[in-house]
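[1] Here is my input; please provide its structure:
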Amino acid sequence: MTFTPFKFQLPLAAGGIALMAFNYLLFAMPHGEGLITISNVNWTGITLAQGVIYYPLIAIMLVLAAINLLYSIVFVKELIQWLYNKNDYVSFMNGPPIKNIGILVPIASLSMTANVILGPVGFFIPQLSSNLQSMMLPALIFYGLLLFMLLVLELKLLKIWFSQPLDVSKLNFVWLLDVFAFGLVNLTGTGIAAMSSDRVISSIAAFASFLALSVGIFLLIIKLTYLIYLQIKSNELPPKHFLPSYFIVVPITCLFGFSFYRITSYLKTHFAFNVDVFSFFFINFSYAITIAWCIFCLYLLSDYFKTYFYKSDFSPTQWSMV
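    As a prediction, this is how the structure comes out:
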């Protein structure tokens, strides 16, 4: 199959599910101080009923973390070869907005991989978690590289969109992929800000993340408002293979809410601010929007699921539901 940056949606989705399992186990399973690892879990304190939930999640986390790492390596190699062939890259970038914005999917996926290494992989390799602070500087450098590439490519995309005719009738929620990429990159940055004990590293990550969060929120407001306006003006929904892209708003709101929550954790740790009210607001407000949008999408796309989804061919936009 011909390479496309959209292929990175596979390790991105696998890493997301692995991270979800890790976060659930982090708060649910009895374990020692710090991040949960296979060596600090209180295995004797787990009941049979709890084991029915925890053990399958651990297996899911192992398999999907491995898939994330394996396919990240494979696709990074293909990406380098693809970029080396400048004709393919130029042709891709000169495509319509819902195509060329896919150049940001690898950045989002690699950011997810960074979180998988710090979380699920650290669960199975306790040495990673026990040396977490020594990994903060390399993580900050990697985050800075991802953020720099994200900003450069975003500016390049904006220049392309402004310098050639833009067929707004073909815009759909795939156009929010850059906002999604900002959300995932900020998940890495704010994670460093919240977890690092080094105030300099933590502060650099927090400042960069707040800057990127501001850009992401701005893009989200502008783009989402315009897409809703276009949809209201339209007499029909987009083509069926684009409909699942409506769900991309769900992870975006979760990512931004959780990133702001981590910023408040940084302020509490390093400046002793009382941020309980803000933490409560960011988490609950973002998830309230998420639940409301999810219910709206299920209702709006009910015919899609009833009559088309089960017999449809694979479409890259279906990753939005994952």
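[2] Could you count how many residues lie near the closest residue to D198 other than its chain neighbours?
    Excluding the flanking residues, the one nearest D198 by Cβ to Cβ, 6 or more residues apart in numbering is M136, at 6.3 Å. C-beta here means a position set from N, CA and C on the backbone, and glycine is covered the same way. M136: 20 surrounding residues under other Cβ atoms under 10 Å.
[3] and if you look at L146?
    Look at L146: counted by other Cβ under 10 Å, it has 22 neighbours.
[4] for this structure, which spans come out with low pLDDT?
    For the chain, the stretches with pLDDT under 70 are 1.
[5] Confirm F273 sits in a helix?
    No. Using DSSP: H, G, I helix; E, B strand; the rest coil, the secondary structure at F273 is coil, not a helix.
[6] you'd agree it is up against L267?
    Yes. F273 lies in contact with L267 (Cβ atoms under 8 Å); the separation is 4.3 Å.
[7] element containing the residue nearest to D198?
    In this assignment (DSSP states H and E), M136 forms part of helix 136-163.
[8] Check T190 too.
    helix 177-195.
[9] Relative to S129, how far out is the residue nearest to D198?
    As judged by Cβ to Cβ, to the nearest Å, M136 and S129 stand 13 Å apart.
[10] Please give me every residue in contact with the residue nearest to L35 when sequence neighbours are not counted.
    The shortest distance from L35 to any non-neighbouring residue, by Cβ to Cβ, 6+ apart, is to S129 (4.8 Å). Counting by Cβ atoms under 8 Å, 6 or more residues apart in numbering, S129 makes contact with 34-35, 37, 122-123.
[11] quick one: S129 from L230, how far?
    46 Å.
[12] gap between the helix holding M136 and the chain center?
    Distance of helix 136-163 from its chain centroid, counting by Cα atoms, centre = their mean, to the nearest Å, is 15 Å.
[13] cool, and stretch 46-60?
    Centroid separation between stretch 46-60 and its chain, computed with Cα atoms, centre = their mean, is 26 Å.
[14] so which strand or helix has the residue nearest to L35?
    helix 126-130.
[15] Now that helix: buried residues?
    By 16 or more other Cβ atoms under 10 Å, the buried positions in helix 126-130 come out as 128-129.
[16] Also stretch 45-64?
    Per 16+ other Cβ under 10 Å, stretch 45-64 contains these buried residues: 54, 57-58, 60-62, 64.
[17] Columns secondary structure on top of the residues you listed, output as CSV?
    Formatted as CSV, the buried residues of stretch 45-64 follow (three-state DSSP):
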residue, secondary structure
Y54, helix
L57, helix
I58, helix
I60, helix
M61, helix
L62, helix
L64, helix
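[18] Just put those residues in JSON lines and tack on distance to G257.
    Output for the buried residues of stretch 45-64, formatted as JSON lines (distance: Cβ to Cβ, whole Å):
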{"residue": "Y54", "distance to G257": "26"}
{"residue": "L57", "distance to G257": "23"}
{"residue": "I58", "distance to G257": "27"}
{"residue": "I60", "distance to G257": "24"}
{"residue": "M61", "distance to G257": "23"}
{"residue": "L62", "distance to G257": "28"}
{"residue": "L64", "distance to G257": "23"}
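[19] Just give me the closest of these to Y226.
    L64 (34.7 Å; Cβ to Cβ).
[20] For the closest one, list the residues it contacts.
    14-15, 17-18, 21, 120.
[21] would you say S39 is within a helix?
    No. Judged by three-state DSSP, S39 forms no part of a helix; its state is coil.
[22] Could I get the contacting residues of it?
    P126 are the contacts of S39 under Cβ under 8 Å, 6+ apart.
[23] Could you report the distance from it to L26?
    15 Å.
[24] How far off centre is the strand or helix carrying G51?
    Using DSSP H and E, the element containing G51 is helix 48-84. Centre-to-centre, helix 48-84 and its host chain are 14 Å apart (Cα atoms, centre = their mean).
[25] can you check stretch 174-181 too?
    So, by Cα atoms, centre = their mean, the centroid of stretch 174-181 is 10 Å from its chain's centroid.
[26] Please export the alpha-carbon coordinates of it; PDB is fine.
    Provided in PDB are the C-alpha atoms of stretch 174-181 (Å, rounded to 0.1, in the frame of the first residue of the first chain):
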ATOM      1  CA  VAL A 174     -11.200  16.300   9.300                       C
ATOM      2  CA  TRP A 175     -10.000  19.900   9.100                       C
ATOM      3  CA  LEU A 176      -9.700  19.800  12.900                       C
ATOM      4  CA  LEU A 177      -6.800  17.400  12.800                       C
ATOM      5  CA  ASP A 178      -4.300  20.200  13.500                       C
ATOM      6  CA  VAL A 179      -6.300  21.100  16.600                       C
ATOM      7  CA  PHE A 180      -6.100  17.400  17.600                       C
ATOM      8  CA  ALA A 181      -2.400  17.400  17.100                       C
END
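[27] All set now, cheers.
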